[in-house]
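A.B. asks: The following block contains a protein sequence and its predicted model.
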Amino acid sequence: MKYYFAPMEGITGYVFRNAHRACYPGMDKYFSPFISPNSNTCMNSRERNDVLPEHNGSLELIPQILTNRAEDFLRTLEELADYGYREVNLNLGCPSGTVVPKGKGSGFLAFPDKLDAFLEEVCQGAEEKGISVSVKTRLGLEDEEKFPRLLEIYNRYPLKELIVHPRLRIDYYGKFPRMESFAYAVRESRAPVCYNGNLFARRDIESLSAQFPDVKAAMLGRGLLASPGLCAAAPGGEEEDRRTMRRFHDMVYEGYREISFGDKNVLFKMKEFWFFFIRRFSGGEKLLKKIRKAQRLSDYETAVDMVFGSLPLLDEADLSVLEK
Ligand SMILES: Cc1cc2nc3c(=O)[nH]c(=O)nc-3n(C[C@H](O)[C@H](O)[C@H](O)COP(=O)(O)O)c2cc1C
């Protein structure tokens with residue numbers, strides 16, 4: 001099985017990715033949070049910084065683009081090709097209320113004819129530049145029955161890979177993934193299929209492999225934010241686990257401090273980080289509150305020392321909070 005780190009806007013930027021790669025080597029690919037071009041610029045400075053080769057070392061990064069305009073996609077692809085990238089990913093999954101009404105992300109799935117024309121132009125342009133295009137898709141907006149039509153469209157193009165997050169837009173990140181539609185994708189897709197959604201523990205990955213032996217790639221998001229070593233070949237014992245988690249945390253924290261966008265921003269980023277990371281610690285709610293309340297770095301550091309110093313590690317992260 002190949003393992004991909006899912007793109008997660010606001011969390012899995014280059015500081016996070018490099019720390020993860022250093023502490024938990026072995027992921028096959030990392031996907032960048034989406035780049036959202038417009039008719040004037042391909043990328044803003046934050047987006048460009050995130051994909052610059054000097055910020056990503058030898059890490060296998062696939063930049064992701066969110067747009068419904070072929071022209072904007074191709075201009076961005078050209079800039080990415082200049083940086084040395086050979087694959088780009090199209091976001092057809094974002095469920096956000098600021099994206100969907102513009103017909104982007106999962107909002108694009110409501111316009112299959114337009115999507116077809118977009119893919120035709122984009123795949124032709126990409127091929128001329130020697131760049132592969134992969135797609136990360138949901139099943140549709142509100143109606144699973146429309147997925148076969150979308151798959152028929154994807155099958156017309158030489159996509160490098162089809163990453164399927166088998167939910168509808170209306171599911172957001174809740175509810176269980178719709179595995180029957182995923183099975184349909186595995187049977188019918190011309191492109192190799194990668195599974196994404198709710199892989200939170202090793203046994204989830206094992207049961208995916210058992211159920212879909214032909215699926216050779218899995219993308220993980222929230223599971224890896226809570227248990228960053230989830231895809232590591234040989235899990236160590238609790239003490240080693242704790243030491244590596246501490247090292248990982250410290251690298252992320254130091255990384256944000258180094259790019260020095262102010263203590264307030266560092267705290268904001270670390271609070272987002274802890275929303276998931278605390279789930280591996282038993283009884284972490286109280287200290288999570290303390291972390292969230294921290295107004296100064298020194299308060300934050302005290303709370304973090306308390307987490308690492310006092311809370312037992314769970315064998316697997318408790319992500320039940322995501323179901324509420
Ligand atoms: C905070 C957050 C940010 C996300 N940002 C992106 C993004 O930029 N691009 C994307 O394709 N998906 C994004 N996603 C979706 C994830 O990549 C993934 O598809 C989703 O979380 C399901 O996988 P999981 O159950 O393994 O987390 C985001 C999800 C979350 C929770």
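C.D. replies: Structure's in. What do you need?

A.B. asks: packing partners for the helix or strand hosting Glu240?
C.D. replies: Element membership for Glu240 (DSSP states H and E) is helix 238-258. For helix 238-258, the elements it packs on are helix 14-23, helix 263-277, helix 297-310, judged by 3 or more Cβ pairs under 8 Å, 6 or more residues apart in numbering; DSSP states H and E. C-beta: built from backbone N, CA, C; applies to glycine.

A.B. asks: Residue of this protein closest to the ligand, please.
C.D. replies: Relative to the ligand, the nearest point of the chain is Gly221 (2.8 Å; Cβ to the nearest ligand atom).

A.B. asks: sorry, back to before: and the helix holding Glu240 with helix 263-277, angle?
C.D. replies: Helix 238-258 runs at 150 degrees relative to helix 263-277, counting by axes from the mean of the first three to the mean of the last three Cα atoms, to 10 degrees.

A.B. asks: follow-up on the earlier one: mind putting the helices and strands packed on helix 238-258 in JSON lines, mean pLDDT included?
C.D. replies: Converted to JSON lines, the helices and strands packed on helix 238-258 look like this (pLDDT from 0 to 100):
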{"stretch": "helix 14-23", "mean pLDDT": "97"}
{"stretch": "helix 263-277", "mean pLDDT": "97"}
{"stretch": "helix 297-310", "mean pLDDT": "98"}
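
A.B. asks: Could you identify which of those is most buried?
C.D. replies: Each of these was scored by mean neighbour count; the highest is helix 14-23, a mean of 20, by mean count of other Cβ atoms under 10 Å.

A.B. asks: hmm, back to that, what comes up buried for the helix holding Glu240?
C.D. replies: Of the residues in helix 238-258, 241-242, 244-246, 248-249, 251-253, 255-257 count as buried by neighbour count, 16 or more other Cβ atoms under 10 Å.

A.B. asks: Over that helix, what's the mean pLDDT, rounded is fine.
C.D. replies: If you average the pLDDT over helix 238-258, you get 96.

A.B. asks: so that helix versus helix 14-23, what angle?
C.D. replies: Going by the same axes, to 10 degrees, helix 238-258 makes 150 degrees with helix 14-23.

A.B. asks: chain center to helix 238-258: distance?
C.D. replies: 20 Å (Cα atoms, centre = their mean, to the nearest Å).

A.B. asks: How about residues contacting that helix?
C.D. replies: 15-16, 18-20, 22-24, 228-229, 235-236, 265-266, 269-270, 273, 277, 280, 297, 304, 308, 312-313 (Cβ atoms under 8 Å, 6 or more residues apart in numbering).
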